[in-house]
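Asker: sequence and predicted model, in that order:
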Amino acid sequence: TSALGWQCWESKRQKEGILTNNDLIKYAGEVLSKSPDYGNKFKHILVDEFQDTDGLQDNLLKGIWKEDVNTLFIVGDVKQSIYRFRHANLKIFREYIDKARHPDGKSFKYITLDKSFRTRDKLVEKINSVFGSVWAEGIEKGSSMEYEPLSSPSSEEWWTERNANPISPEFEVLISRQKRSFNEEKKKYDEEEKIYGMRVRLYRELASRIKDIHASGKLIWDKKIDDGDKFRPVKWSDFALLVPKRTFYEAIEDAFESEEIPYVLCTRRDYFTRGEIADLVNLISLLADPRDPSYLAGWVASPLSGMRPGLAEQLLARTKSGKESGNLLLLSDIISKEHPELISYLEEMRKKAELKGVSSVIRELLCSPEFLTSYGPEQRRRVRANISYMAEIAAEYEFSQGRSLAGCAEYMRFSVKESKQQEEPEITDEDHDAVNVLTIHSAKGLEYPVVALGGVEDRPKGPPSVDTSVRYGVTAKHMPDFLKGSDKKEDLTVSGMWHEERETKALLEEEERFWYVASTRARDKLIICGLTKTDSSSGEELPPVEESFLGMLSSSREAGDKWTLCSEEEIAPSYKNKKRACSGSTESANMLYPKIVSPAKLARLSASAYAMLSWCPTAYRIAYRQGRTMQWTLRGGEGTGGSEFGSLAHWVLSKWDFSKESLSELLPCDNNDESKYEKVLIKVPYELREEFRSVFSRKQIREILSDYAMSEEGKMLSALSSQKGENKLWRETPFRVFDEGLLMVGATDIFWEEADRICLRDWKTTTEEIAPGEYYEEQLKFYAYAMYIFRKEKGLQNKMIEIGINYLRSSSEKKKIIEMSEDALQNTGERVHEAAVSALMDIFDARYEHCTRCPWGDICSKKHV
């Protein structure tokens, strides 16, 4: 399964020309290996963060470094290697270190950079004590890499001043011990506190500590101050809480909001679950469907309406009481009568959304941000950034699909429902004063005066049951069910056991380095925040897991260390739900008036969309406004694999030289000649290989193209494909052409240039009864007009454009040719721009005369038939 998945990915990359970052490094390394003298142009080579190097990067480096030609400077810290998931290989660094330490007469030198200009003396001593104990047997157990203690630049005059004004104690441990209730009847502890509750208590205790330090006005050393006294009062942004993963964020939010401290969650991934996003999506849905009472009530209740809190509930209660009394009242009727300014405002917004797009409406909301007063001061920046980001999402939709209010509303609702892992936009900057909450990986390279570490109690996880291994390939820990014996015993695979043994050791060692990176982010104070469990029998505190960072700290605990237990009492939250402020009135100055653009039209139109709109506006509405998948409905005749058959034929046509003899190379008659068959199969796009494996399909395509090769046009194309120079064939050519504010996009099958004309063709493996000619003629005319505009803009010679549909199955239809004069092209251009306008007019009348031949007839409701 893994190999199949990898093959699918490789096929997709080859088809679409995708290069990953690793591809760039790999291919650059291969080029350098073939050009060994290229590295001679460099006199000095410097590589930073070398502890994160992988094998591909090392090969690239060796391609330019020559020991007797140029010098290589490597900078890195073995203790900070925490990117194994990106294939960082510490063995590579260790080999360079061993060379530098044992030069054997060569010009190698090892230099220790052990001075920390970041962390004050007492904290450096504590870090050395903890990790000196953890790595007593080496940073990798049994290796030559010993722990090199950090030291301070004590000889520097300024260092003594920098160590003044400590935030005591510099090192502190906060513990949230699990609570258990004692059952008097059963005489045992039965109900245990959940992990989430323990975390909330822990981070509330931390928040209380942060508030005390902030309120005390402690002085912080700030190296950014150029002259004079470099101490300044502590700010909220001087604090950082680092956690192993984002799953800790929810408990931190609950705790910090209850203590009312400003904070920012960096790289949070639940963007679509935010309240302001739900309110915004509800507003866009209301603009698209003003008659929906739930959307209307949701908007009135949201901060975006500016109405007083509780109004929506009161209005809904009136509609309910009216229904019970038999006097039906609609919410929209009540608001129209009592708050006509709201209905007028919504109507203005709806017009603007339809004419200028949803993204424009969202951005103008931010131009009059009175609604932000409904949020706490610490939340406003996040809310504003999230709403601004939603404008970008709407703009992306409009760029690809056009300014459809209904379509954009549906897209947003789908995103809220399905996309649970969208990252929130970054909102931190130098002017934003809030406690920083972020993951340890994202904090690498950063530093803060006061750092708290959460999640220190967790045991490092072992490798997954199915994993990839450089040594063993794809490994499975357990035997699959179909290979188990009759007793169905859980048997471990040999490769799985070997991999687990090596990987578990490597993961434990990386976990130690992970917490070293986290601890060294602190400048003045380090607060460790951990949980401890209690015994279900005795209720006594259990020691932390030995492999956890809390376990490491416990084993190296010293007499002067301060370990504090969080209070187990239920603390009434100081946080009060902030009631939404009433804007007072909706004055005309705050209204959003749309700029009238007449006539409004799509910003982007594809050849397929234009052809469908020309064929039947109802079909266009179903596909492009409602977003339904328009599966082509075959109406007999082909006899082979439908759309896959046609796609395979197009692939062959894109590779073929149009000679009858070469078809046997692209389409082997049978599978007996395995070498020829496999040689072609590996080149076929993955999604077409099943069709290619069909001998019948290959035979049919070969027969069709053999006939075409013998035609006059086929012979001419064969001659063109063998020539070098001006008379060149262009096949599978994508285009993007701008014309009077409209972006036209598409991709042509084939065209070539003759002395007085350009010949443009479209291949069809169906008959006209199945692939309607009118539909494809409009598509070809769109191509011709785009080519006409492109050549005109580039100053190329004006030539007649000849279009034709080649129905390859029927020789009588092969010569369906249309000559597009300049007048015909101008007329096509007018129709293209008219279509871009009509697509936004919500008038999609059916073309009844096409119903009986429509390829999408089974999808349409056909009420008009």
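Answerer: In hand now; what should we look at? Quick caveat: nothing in here was measured; it's all calculated off a predicted structure. Numbering: from 1, shown residues only.
Asker: where in the stretch 151-300 of the chain is pLDDT low?
Answerer: Scanning the stretch 151-300 of the chain for pLDDT under 70 picks out the ranges 267-272.
Asker: okay, now the domains of this protein?
Answerer: The chain breaks down into these domains under automatic domain parsing: 13-101, 171-266+432-565, 271-418, 604-644+712-853.
Asker: take the ones you listed and write them to TSV, including mean neighbour count and distance to residue 666.
Answerer: Yep, even glycine has a C-beta here, placed from its N, CA and C like the rest. Output for the domains of the chain, formatted as TSV (neighbours: other C-beta atoms under 10 Å; distance: least, C-beta to C-beta, whole Å):
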stretch	mean neighbour count	distance to residue 666
domain 13-101	15	17
domain 171-266+432-565	17	34
domain 271-418	18	34
domain 604-644+712-853	17	13
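Asker: and of those, who's closest to residue 144?
Answerer: Nearest of those to residue 144, taken as C-beta to C-beta: domain 13-101 at 6.9 Å.
Asker: gap between the closest one and the chain center?
Answerer: With C-alpha atoms, centre = their mean, to the nearest Å as the basis, domain 13-101 stands 28 Å off its chain's centre.
Asker: endpoints of that domain, how far apart?
Answerer: The first and final residues of domain 13-101 sit 43 Å from each other (C-alpha to C-alpha, to the nearest Å).
Asker: and for stretch 481-499?
Answerer: End to end - C-alpha to C-alpha - stretch 481-499 spans 20 Å.
Asker: now do that stretch, average pLDDT.
Answerer: Averaged across stretch 481-499, pLDDT comes to 74.
Asker: and for stretch 51-69?
Answerer: On average, stretch 51-69 scores 91.
Asker: re earlier: any chance of the domains of the chain in a markdown table, with distance to residue 4 too?
Answerer: Converted to a markdown table, the domains of the chain look like this (distance: least, C-beta to C-beta, whole Å):
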| stretch | distance to residue 4 |
| --- | --- |
| domain 13-101 | 15 |
| domain 171-266+432-565 | 11 |
| domain 271-418 | 26 |
| domain 604-644+712-853 | 18 |
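Asker: and of those, who's closest to residue 702?
Answerer: Residue 702 lies closest to domain 604-644+712-853 among these, at 11.6 Å (C-beta to C-beta).
Asker: residue 692 is nearest to which of the domains of the chain?
Answerer: domain 604-644+712-853 (9.2 Å).
Asker: span of the closest one from start to end?
Answerer: This stretch, domain 604-644+712-853, spans 28 Å end to end (C-alpha to C-alpha).
Asker: correct me, but residue 278 touches residue 413?
Answerer: No. At 10.1 Å, residue 278 does not count as touching residue 413 under the criterion of C-beta atoms under 8 Å.
Asker: so what sits against both of those two?
Answerer: In terms of C-beta atoms under 8 Å, 6 or more residues apart in numbering, residue 278 and residue 413 are not both contacted by any residue.
Asker: quick one: residues in contact with the helix or strand encompassing residue 133.
Answerer: Residue 133 is part of helix 121-134, with elements assigned from DSSP states H and E. The list of residues contacting helix 121-134 from outside it, by C-beta under 8 Å, 6+ apart, reads 79, 116, 119, 147, 149-152, 154, 163, 166, 170-171, 512, 516, 519-520, 522-526, 552-553, 555-556, 558.
Asker: in the stretch 501-650 of the chain, where is pLDDT below threshold?
Answerer: 570-599, 627-643.
Asker: re earlier: give me the next element, helix or strand, following the helix holding residue 133.
Answerer: Downstream of helix 121-134, the first helix or strand assigned by DSSP H and E is helix 157-162.
Asker: please list the residues outside that next one that contact it.
Answerer: With contact meaning C-beta under 8 Å, 6+ apart, helix 157-162 is reached by 120, 152, 153, 221, 230.
Asker: for that helix, buried residues please.
Answerer: Neighbour-count burial for helix 157-162, counted by 16 or more other C-beta atoms under 10 Å, picks out residue 162.
Asker: can you give the strand pairings for the helix or strand following it, parallel or anti for each?
Answerer: Using DSSP H and E, the helix or strand that follows helix 157-162 towards the C-terminus is strand 171-177. According to DSSP bridges, strand 171-177 forms sheet pairs with strand 522-532 (parallel), strand 562-565 (parallel).
Asker: report the distance from strand 171-177 to the chain centre.
Answerer: Relative to the centre of its chain, strand 171-177 is centred 36 Å away, using C-alpha atoms, centre = their mean.
Asker: got the angle for that strand vs helix 121-134?
Answerer: Inter-element angle recorded for strand 171-177 and helix 121-134: 60 degrees (by axes from the mean of the first three to the mean of the last three C-alpha atoms, to 10 degrees).
Asker: in its sheet, what does the very next helix or strand once past strand 171-177 sit against?
Answerer: With elements assigned by DSSP H and E, the helix or strand that comes after strand 171-177 is strand 180-183. Under the criterion DSSP bridges, strand 180-183 sits next to strand 188-192 (antiparallel) in its sheet.
Asker: need the contact partners of the strand it pairs with.
Answerer: 178, 179, 180, 181, 182, 183, 534, 535, 536, 537, 538, 539.
Asker: what is the nearest of those residues to residue 823?
Answerer: residue 178 (84.3 Å).
Asker: ok, that closest one - contacts?
Answerer: Contacts for residue 178 (C-beta under 8 Å, 6+ apart) come out as 192, 193, 198, 531, 532, 533, 534.
Asker: what's the helix or strand for the third one?
Answerer: For residue 198, the enclosing helix or strand under DSSP H and E is helix 195-216.
Asker: beyond that helix, next helix or strand please.
Answerer: Following helix 195-216 in sequence, per DSSP H and E, is strand 219-221.
Asker: could you say what helices and strands that following strand packs with?
Answerer: Using 3 or more C-beta pairs under 8 Å, 6 or more residues apart in numbering; DSSP states H and E as the contact test, the elements touching strand 219-221 are strand 231-233, strand 522-532.
Asker: so for residue 318, which of the ones you listed sits nearest?
Answerer: Closest approach to residue 318 among the helices and strands packed on strand 219-221 (C-beta to C-beta): strand 522-532, 50.0 Å.
Asker: starting at the chain centroid, how far to that closest one?
Answerer: Strand 522-532 sits 32 Å away from the centroid of its parent chain (C-alpha atoms, centre = their mean).
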